[in-house]
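# Predicted model, plus sequence, below.
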Amino acid sequence: MPEAPRPRRRGRTALLIAAAAALGTVAGTCTGFLIQADREPTRLPPLSQPAVKQAKGEVEPLSAAQDRRVKTDGDLRKLLLKKPDGAKKAGAWLGDNDGWMDLAAYADVFEKPGRAFGNLVDEEFRRAAVTGWETGNLSVSIRLIQYRQEEAVEARDAALDGQYWADSKDSTESWVVPGTEDGMAYVHKEPETEPGYLPLYSAEAHAWRGDIAVEVWVYDTKPITKKKIMDLVERQMGRL
């Protein structure tokens, strides 16, 4: 199912307003410097706090179990949930990509791929791993989207964008995902219908950990339970 494109990133308008305010402050500060230039410098009082000696010795590095980057800098596909016994690997909708999605493939899942492609470049998309399976009429898709995060916490922003669109749908119930800072799971009560097709119900979850945004999508021809979507996203987050 195509997903809605991300809205404009949150916080940019606030940054512009803050920058304008800062320019006004700088202008006033410059005037103050000009006035002070002709005055004798005033000596500063001595520091009341004694100098702190530098600690000796070396800091012990984190173990592989403690350092998340050891996991997330490796093969992301190994962090995905495994296909359940008896389930069939997802069909053509997942693509023949050996578990990876490049930038173009990921942008193509949005309603406006061209716009999404440009946004993902700006948002420092690094790579994505994907898995999925089918059991009868039920299908599951899970994506791990990793960002470089040199300038912003893009994984968090991506999860919040997914939550924004999920929350905007009618007849939707939502729950916080335990063990996450602000992960959310959603069940959409109203199915999508088209003539000649069975009704299609959906559920989704959006969360993040470190530099990875997590997307879980579930579709079925019958209503999807809270237990189903929560079980999937909780187990997936546990693997991170």
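Sure, I can see it.
# what's the first-to-last distance across stretch 132-140?
As for stretch 132-140, its first-to-last residue distance stands at 5 Å under the measure Cα to Cα, to the nearest Å.
# Tell me which stretches of this protein form helices.
Counting by DSSP state H, one finds helices in the chain at the ranges 12-36, 68-72, 103-107, 113-122, 154-167, 226-238.
# same for the third one, what does it pack against?
Going back to what we said before, that points to helix 103-107. Packing partners of helix 103-107 (3 or more Cβ pairs under 8 Å, 6 or more residues apart in numbering; DSSP states H and E): helix 113-122, strand 125-135. All C-beta atoms are positioned from the backbone trio N, CA, C, and that covers glycine.
# Repeat that for the last one.
With contacts taken as 3+ Cβ pairs under 8 Å, 6+ apart, helix 226-238 sits against strand 138-147, strand 172-176, strand 184-192, strand 200-209, strand 212-220.
# Tell me the strands beside the shortest one, with direction?
Strand 172-176 has the following sheet partners, assigned by DSSP bridges: strand 184-192 (antiparallel).
# Over to the last one?
According to DSSP bridges, strand 212-220 forms sheet pairs with strand 138-147 (antiparallel), strand 200-209 (antiparallel).
# Just want the angle from the last one to helix 226-238.
Orientation check (axes from the mean of the first three to the mean of the last three Cα atoms, to 10 degrees): strand 200-209 against helix 226-238 gives 30 degrees.
# what angle do strand 200-209 and helix 154-167 make?
With the same axes, to 10 degrees as the basis, strand 200-209 and helix 154-167 are set at 150 degrees to each other.
# pLDDT-wise, which helix or strand of the chain ranks last?
Within the chain, judged by mean pLDDT, DSSP states H and E, the helix or strand with the poorest mean is helix 12-36; its value is a mean of 39.
# Let me know which of the strands paired with strand 212-220 is the nearest to Lys227.
The closest approach between Lys227 and any of the strands paired with strand 212-220, judged by Cβ to Cβ, belongs to strand 200-209 at 10.5 Å.
# export that closest one as CSV, just CAs?
Written as CSV, here are the backbone C-alpha positions of strand 200-209 (Å, rounded to 0.1, in the frame of the first residue of the first chain):
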residue,chain,number,x,y,z
LEU,A,200,-8.6,-4.4,3.4
TYR,A,201,-7.9,-3.6,7.0
SER,A,202,-4.6,-2.2,8.2
ALA,A,203,-2.4,-1.5,11.2
GLU,A,204,0.9,0.2,11.6
ALA,A,205,3.6,1.2,14.1
HIS,A,206,6.3,3.9,14.0
ALA,A,207,9.2,4.0,16.5
TRP,A,208,12.9,4.8,16.6
ARG,A,209,16.0,3.9,18.4
